[in-house]
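A.B. asks: attaching a predicted model along with its sequence, questions to come.
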Protein chains: 2
Amino acid sequence: MELPESLKFAVTQMTKIPGVGEKTALRQVLTICRWDREQLAALGRSLTALGDLKSCGDCGFYTDETLCQVCAEEKRRNESSICVVESISDFIAIENSNTHKGTYHILGGVLNPLLGVGPDELRIPELITRIKEQQKSEVILAVNPSVEGDATCSYIKQELPEDIRVERIGFGIPMGGSLEYLDALTITKALENRKRLD
Amino acid sequence: MELPESLKFAVTQMTKIPGVGEKTALRQVLTICRWDREQLAALGRSLTALGDLKSCGDCGFYTDETLCQVCAEEKRRNESSICVVESISDFIAIENSNTHKGTYHILGGVLNPLLGVGPDELRIPELITRIKEQQKSEVILAVNPSVEGDATCSYIKQELPEDIRVERIGFGIPMGGSLEYLDALTITKALENRKRLD
């Protein structure tokens, strides 16, 4: 059946969001149709305003200012340690774990020669310059485990001076995980990364 | 961690959509942040514009005009048959099945005395007037099976003149369903509603 134009337009726009299919979009649009005008306008405005988001000049995270909140408080952070992540979502995940006290650098992906993604397509040159200029002494590569991720880590390591400590986050069994349901590769990694108790 | 204000605002607005939790909202907002300005503005505009949607004066469906597309083409439809549904989504579901050739009437819910939903909270008086005025001879109650749905159907039946044929949609095993996995009540209904083959 033919839906009213405005409904159809909203559904089309919503389905452009990854993970939102036609059915979900229609269900959501039908629900928000019942909202009052102000609520609808607030939602619409909030999404339009995302167009004004800027990238942090240092780490690449989204910000409304020039520097993101983490880089802006660099003075209160451990300036010598930098955590390298693939994406903004990984940045948020690590920051929410409240474990890393240093700063961040978002690569925007991993090296993938087959898809034409080289170091210059990522923020790798900026990373190298930043580490050297800001005299970071510890680089934590929080890049996800994959062939491309491994290659990206090797490349970064090799581009950096020998005296900088480059580390990669640990692989193994996730908390609450069960050996029974884990894949063989994870178990291999977990065995390799075993730690002596004392 | 503290997200930039504009991100936080968009996430808050998105979580107001039923079925969208904080994690989903954040993931979706982070993805659409990468869109260009026009795409974002189109999405925002399309949702804001939903505030201008009107209700069809006859059936209650959303429309950009005075009458919805189904009611506007009433002349080409079977004017004597009217299908009564609870919600707009049910309207769309039935219309998409391409089986009902008459018009519709959306109640906006079912009677629920405990929650203070009486006939006047629903569009029942409008339905009764409409059936009488437009001289409908067949009323199909496509109300979902539930205690409240059953009560709503009885109420409507009782409010209508004796000579109007009032029917309720059939209950039974859904197509592709399997007896093994169906609840006892559905099986009971399916047995009651058995049909002689000839």
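C.D. replies: Great, that's in hand. Residues are numbered from 1 along each chain as shown, chains lettered A, B, ... in the order given.

A.B. asks: okay, now the unreliable bits of chain A?
C.D. replies: Residues of chain A meeting the criterion pLDDT under 70: A:74-75.

A.B. asks: please redo it, this time with the cut-off set to 80
C.D. replies: When residues are selected by pLDDT under 80, those of chain A lie in A:1-2, A:73-76, A:196-198.

A.B. asks: can you pull the domain assignment for it?
C.D. replies: Domains of chain A are assigned by automatic domain parsing as A:5-52, A:54-171.

A.B. asks: out of those domains, which is closest to chain B?
C.D. replies: Smallest distance to chain B across those (CB to the nearest CB): 3.3 Å, for domain A:5-52. All C-beta spots, glycine's among them, are computed from the backbone N, C-alpha and C.

A.B. asks: what about A:S87, neighbour count?
C.D. replies: Using other CB atoms under 10 Å in any protein chain shown, A:S87 has 16 neighbouring residues.

A.B. asks: ok, now which ones touch the residue nearest the centre of chain A?
C.D. replies: For chain A, A:S87 is the residue whose C-alpha lies nearest the centre (CA atoms, centre = their mean; 2.3 Å). Shown in contact with A:S87 (CB atoms under 8 Å, 6 or more residues apart in numbering or on different chains): A:106-109.

A.B. asks: just those residues: which are in strands?
C.D. replies: Among the contacts of A:S87, the residues falling in strands (DSSP state E) are A:I106.

A.B. asks: let me have the contacts of A:S87 in CSV, extended by neighbour count and distance to chain B.
C.D. replies: As requested, the contacts of A:S87 are exported to CSV (neighbours: other CB atoms under 10 Å in any protein chain shown; distance: CB to the nearest CB, whole Å):
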residue, neighbour count, distance to chain B
A:I106, 26, 12
A:L107, 24, 15
A:G108, 17, 10
A:G109, 15, 12
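
A.B. asks: what two of the contacts of A:S87 are the furthest from one another?
C.D. replies: Using CB to CB, the two most remote members of the contacts of A:S87 are A:I106 and A:G109, lying 9.5 Å apart.

A.B. asks: now do the shared contacts for the two.
C.D. replies: A:86-87.

A.B. asks: mind checking what secondary structure A:Q158 has?
C.D. replies: Applying DSSP: H, G, I helix; E, B strand; the rest coil to A:Q158 yields a three-state assignment of helix.

A.B. asks: any idea how far the nearest residue to A:L179 once chain neighbours are set aside lies from chain B?
C.D. replies: Spatial nearest neighbour of A:L179, excluding adjacent residues (CB to CB, 6 or more residues apart in numbering or on different chains): A:I187 at 6.5 Å. Per CB to the nearest CB, to the nearest Å, A:I187 is found 28 Å from chain B.

A.B. asks: so how far is the helix or strand hosting A:I187 from its chain's centroid?
C.D. replies: If you go by DSSP states H and E, A:I187 is part of helix A:184-192. Computed by CA atoms, centre = their mean, to the nearest Å, the separation of helix A:184-192 from the middle of its chain amounts to 25 Å.

A.B. asks: list the contacts of A:T63.
C.D. replies: A:53-56, A:69, B:4.

A.B. asks: and the residues you listed, which are buried?
C.D. replies: Neighbour-count burial (16 or more other CB atoms under 10 Å in any protein chain shown) applied to those gives A:53, A:55-56, A:69, B:4.

A.B. asks: nearest to B:S81 among the residues you listed?
C.D. replies: For the buried ones among the contacts of A:T63, the residue nearest B:S81 by CB to CB is A:L53; the value is 53.0 Å.

A.B. asks: would you confirm that the closest one contacts B:C33?
C.D. replies: Yes. Here A:L53 lies in contact with B:C33, judged by CB atoms under 8 Å, at a distance of 5.7 Å.

A.B. asks: find the residues that touch each one of the two.
C.D. replies: A:62, B:7.

A.B. asks: picking that back up, would TSV of the contacts of A:T63 with distance to A:R130 and secondary structure be doable?
C.D. replies: Formatted as TSV, the contacts of A:T63 follow (distance: CB to CB, whole Å; DSSP: H, G, I helix; E, B strand; the rest coil):
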residue	distance to A:R130	secondary structure
A:L53	21	coil
A:K54	18	strand
A:S55	14	strand
A:C56	12	coil
A:Q69	18	helix
B:P4	21	coil
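
A.B. asks: want to throw those into CSV with distance to B:D64?
C.D. replies: Formatted as CSV, the contacts of A:T63 follow (distance: CB to CB, whole Å):
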residue, distance to B:D64
A:L53, 32
A:K54, 37
A:S55, 39
A:C56, 43
A:Q69, 43
B:P4, 36
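
A.B. asks: all helices of chain A, in order?
C.D. replies: Secondary structure of chain A by DSSP state H: the helices cover A:5-15, A:22-32, A:37-48, A:69-72, A:88-97, A:124-133, A:147-159, A:184-192.

A.B. asks: so the shortest one, near chain B or not?
C.D. replies: Think helix A:69-72. Yes. Judged by CB under 8 Å from any CB of the partner chain, helix A:69-72 and chain B are in contact via A:69-70.

A.B. asks: next: stretch A:30-39.
C.D. replies: Yes. Against chain B, stretch A:30-39 shows contacts by CB under 8 Å from any CB at A:30-33, A:35-37, A:39.

A.B. asks: before I go, just wanted to say thanks for your time.
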